[in-house]
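Chemist: heads up, no residue letters with this:
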């Protein structure tokens, strides 16, 4: 059975976030969606990492945009894994999961939207991804570049004004902090056919709360806990070790 939920940066409760091992674990557990974050290398390659620096996650230091992809390859996550490119991740998950791509710090990178769209088109993933961002101008630019790419607002608290922007952007998703959504807005999203995504839900209490709203996609760090608390069985064996 597929697990209808969003694996936040893969499976960060067990594996380093935004790594191939983390994404492979999510796929192994049959989650329907994964979420990842992208930045641009110095030579314009979309790479997968949450922060705009490599300090927290690797054995190096500095901003991602200061290094070419070849230079980024020299740094390791958890002493063994490379920083993945967006292309590598999309090729791996193609025909397996839907991918939520968060574009980070968009003002740091020239032609960011074009670069990301190019990778999506190159990997034939246009129908299996959607792009989210806190930066509305970036979403507007993406819509001008493509009428096919699915877009989503990323907000901390859902407001009425966001629905007007959804309409202007022809957006398909709204991703909101789980603490910033009212029940009335959950019902409104359902009524207008917009997929509501909540993040990041890690406690038993919050997981149980959102069970009463099956239309909502729940994002979590702890995949197996989510499966247990929400009684969503997996036909594959229990996850033990996943190698990159």
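Modeler: Okay, I see it. In this text, all values refer to a predicted model and were calculated from it rather than measured experimentally.
Chemist: ranges for the helices of this protein?
Modeler: 20-28, 69-72, 86-93, 112-122, 136-145, 160-169, 183-192, 204-210, 223-229 (DSSP state H).
Chemist: please identify the deepest-packed of those helices.
Modeler: Of all the helices of the chain, helix 20-28 carries the top mean neighbour count, a mean of 23, counting by mean count of other CB atoms under 10 Å. In this view, the C-beta of every residue, glycine as well, is placed from N, C-alpha and C.
Chemist: just to revisit the earlier point, tell me which of the helices of the chain lies nearest to residue 46.
Modeler: helix 86-93 (3.9 Å; CB to CB).
Chemist: tell me the mean pLDDT for the closest one?
Modeler: Computed over helix 86-93, the mean pLDDT rounds to 98.
Chemist: let's have the helices of the chain in TSV, adding distance to residue 61.
Modeler: Shown next, in TSV, are the helices of the chain (distance: least, CB to CB, whole Å):
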stretch	distance to residue 61
helix 20-28	22
helix 69-72	12
helix 86-93	23
helix 112-122	23
helix 136-145	27
helix 160-169	37
helix 183-192	41
helix 204-210	35
helix 223-229	31
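Chemist: output the longest strand belonging to the protein.
Modeler: Scanning the chain for the longest strand, with DSSP state E as the assignment, gives strand 31-40.
Chemist: list the strands paired with it, with their directions.
Modeler: Sheet pairing here is set by DSSP bridges, and for strand 31-40 it gives strand 3-8 (parallel), strand 46-48 (antiparallel), strand 98-103 (parallel).
Chemist: tilt between that strand and helix 20-28?
Modeler: 160 degrees (axes from the mean of the first three to the mean of the last three CA atoms, to 10 degrees).
Chemist: quick check: which ranges of this protein have low pLDDT?
Modeler: For the chain, the stretches flagged by pLDDT under 70 are 233-244.
Chemist: switch the cut-off to 80
Modeler: Across the chain, residues meeting the criterion (pLDDT under 80) sit at 232-244.
Chemist: for residue 77, what are its contacts?
Modeler: 16, 19, 57, 58, 83 (CB atoms under 8 Å, 6 or more residues apart in numbering).
Chemist: report the central residue of this protein.
Modeler: residue 35 (1.9 Å; CA atoms, centre = their mean).
Chemist: before we move on, the earlier item: out of the helices of the chain, flag the one nearest residue 43.
Modeler: helix 69-72 (6.0 Å).
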